[in-house]
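[1] 3D, please:
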Amino acid sequence: MQPCQGPDRATRKPSFAVPRGACDCHAHIFGPRERFPFSPERSYTPEDCTVDQYRDLLATLGFDRGVLVQGGAHGTDNSAMLDALEKLGPRIKGIAVLPPGTPLREREALHQKGVRGFRMSTVVSGGVGFDQLEALAAEAEEMGWHLLLHFHRSEELVAVADRLRRLRCHYVLDHLARIRADEGIESAAFATVMSLLETDRCWIKLASLYRLSSKPYPHEDMLPMIHRVVQARPDRMIWGSNWPHPIHAGPMPNDGDLVDLIPLWVPDSEQRRQMLVDNPVTLYGFTPADLPE
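    Residues are numbered from 1 along each chain as shown. This next block holds a predicted model:
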């Protein structure tokens with residue numbers, strides 16, 4: 001339960017202007033603790049990072065849409081995330097942390113509130129691990145949802161790859177499956193990513209890649225892997241800020257700087273539009289009506 005540093009709250013307005021309808025596909029809401037207590041089984045204690053602060057972040061960065069991922073500090077109590085969905089409206093969707101066995105009626109209620117998937121993690125305690133992969137995948141498929149897979153090490157992807165190939169629901173490899181820059185495109189994990197992309201059910205989230213780099217900003221050692229996956233499947237890429245960057249021990253990134261990496265990662269403007277707008281529409285079910293005027 002060690003405390004972790006909070007985000008850089010002086011968010012810089014990025015130089016790169018994202019297209020209309022762009023979606024930040026990965027952020028967390030924490031607290032406020034007096035209303036939404038943290039889980040006693042948590043492995044870290046974050047600062048309060050509230051729905052109002054996230055609304056301001058999106059406005060500064062220029063994003064119209066967002067996806068809130070249930071953070072490990074709240075365990076399987078999704079109340080803070082669901083409260084944020086209610087306050088922010090249909091332009092924000094959610095990814096819940098729940099064990100298998102949630103009744104269909106409750107999942108349908110979550111869907112009405114904006115939930116579109118389940119998160120599984122080997123990084124944080126108090127959540128749901130890969131021993132329940134198939135059972136949770138069946139419930140996600142029933143809802144038209146996907147799984148968000150949060151690995152601690154890239155070798156874990158290799159270990160579960162055959163099980164993923166047998167799933168019928170879609171799934172997202174969070175944070176490029178945690179493949180470090182010093183592992184790179186020649187690694188078994190990266191080869192696994194490329195083979196899973198061929199199934200048409202695998203998606204890649206480009207988020208939190210500063211954790212995987214061995215070099216300072218702009219983390220150019222990550223570019224070979226990024227460019228390879230974008231070239232292979234631009235229709236399966238999404239992007240996320242990872243605000244407020246929980247459990248990050250290094251220098252805290254400014255989210256404006258992270259947005260300015262997008263054209264370096266994806267130089268082609270049409271592919272950027274796919275990653276930021278079209279692919280989130282497909283994966284999360286956004287509609288034109290949810291865009292703010």
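[2] use CA for all of it now, contacts and neighbours both
    Noted.
[3] and the lowest-mean-pLDDT helix or strand in the chain, what does it pack onto?
    Ranked by mean pLDDT, DSSP states H and E, the weakest helix or strand in the chain is strand 2-3, scoring a mean of 78. Here strand 2-3 touches strand 44-45, going by 3 or more Cα pairs under 8 Å, 6 or more residues apart in numbering; DSSP states H and E.
[4] off-centre distance for the very next helix or strand once past the strand it packs on?
    Going down the chain from strand 44-45, the next helix or strand is helix 51-61, by DSSP states H and E. Centroid displacement of helix 51-61 relative to its chain, using Cα atoms, centre = their mean, to the nearest Å, is 17 Å.
[5] buried set for helix 51-61?
    In terms of neighbour count (16 or more other Cα atoms under 10 Å), helix 51-61 has its buried residues at 51, 54-55, 57-58, 61.
[6] and the angle from whichever helix or strand comes after the least confident helix or strand of the chain to helix 51-61?
    Sequence-wise, the next helix or strand downstream of strand 2-3 (DSSP H and E) is strand 23-27. Strand 23-27 and helix 51-61 are oriented at 140 degrees to each other (axes from the mean of the first three to the mean of the last three Cα atoms, to 10 degrees).
[7] one step back: take the buried residues of helix 51-61 and write them to a markdown table, including distance to I262.
    A markdown table is the format used below for these (distance: Cα to Cα, whole Å):
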| residue | distance to I262 |
| --- | --- |
| V51 | 24 |
| Y54 | 20 |
| R55 | 21 |
| L57 | 17 |
| L58 | 16 |
| L61 | 12 |
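[8] so G94: helix, strand or coil?
    strand (DSSP: H, G, I helix; E, B strand; the rest coil).
[9] that one and M222, how far apart?
    Remark: distance between G94 and M222 (Cα to Cα, to the nearest Å) = 28 Å.
[10] so for the two, which sits in the more crowded spot?
    Applying other Cα atoms under 10 Å to G94 and M222 shows that G94 carries more neighbours, namely 28 against 22.
[11] contacts only, for the closest residue to that one other than its chain neighbours.
    Distances taken as Cα to Cα, 6 or more residues apart in numbering place V115 nearest to G94, at 4.4 Å, with adjacent residues excluded. By Cα atoms under 8 Å, 6 or more residues apart in numbering, the contact set of V115 is 93-96.
[12] ok, now with 10 Å
    Applying Cα atoms under 10 Å, 6 or more residues apart in numbering to V115 gives the contacts 67-69, 81-82, 85, 92-96, 107-109, 145, 284.
[13] quick one: the helices in the stretch 51-200 of the chain?
    Here the stretch 51-200 of the chain has its helices, by DSSP state H, counting those that start in this stretch, at 51-61, 79-88, 104-113, 133-143, 155-166, 188-197.
[14] ok, which of these comes nearest A17?
    helix 51-61 (8.2 Å; Cα to Cα).
[15] could you tell me the angle between that closest one and helix 79-88?
    Using the same axes, to 10 degrees: helix 51-61 against helix 79-88 is 60 degrees.
[16] ok, residues contacting helix 51-61?
    Counting by Cα under 10 Å, 6+ apart, 9-18, 23-24, 27-32, 62-66, 68, 80-81, 83-85, 87-88, 241, 243-244, 255-260 sit against helix 51-61.
[17] for PyMOL, what selects the buried ones among the residues you listed?
    Selection command for PyMOL covering only the buried members of the contacts of helix 51-61, criterion 16+ other Cα under 10 Å:
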select buried, resi 11+12+13+14+18+23+24+27+28+29+30+31+62+63+64+65+66+68+80+81+84+85+88+241+243+244+255+256+257+258+259+260
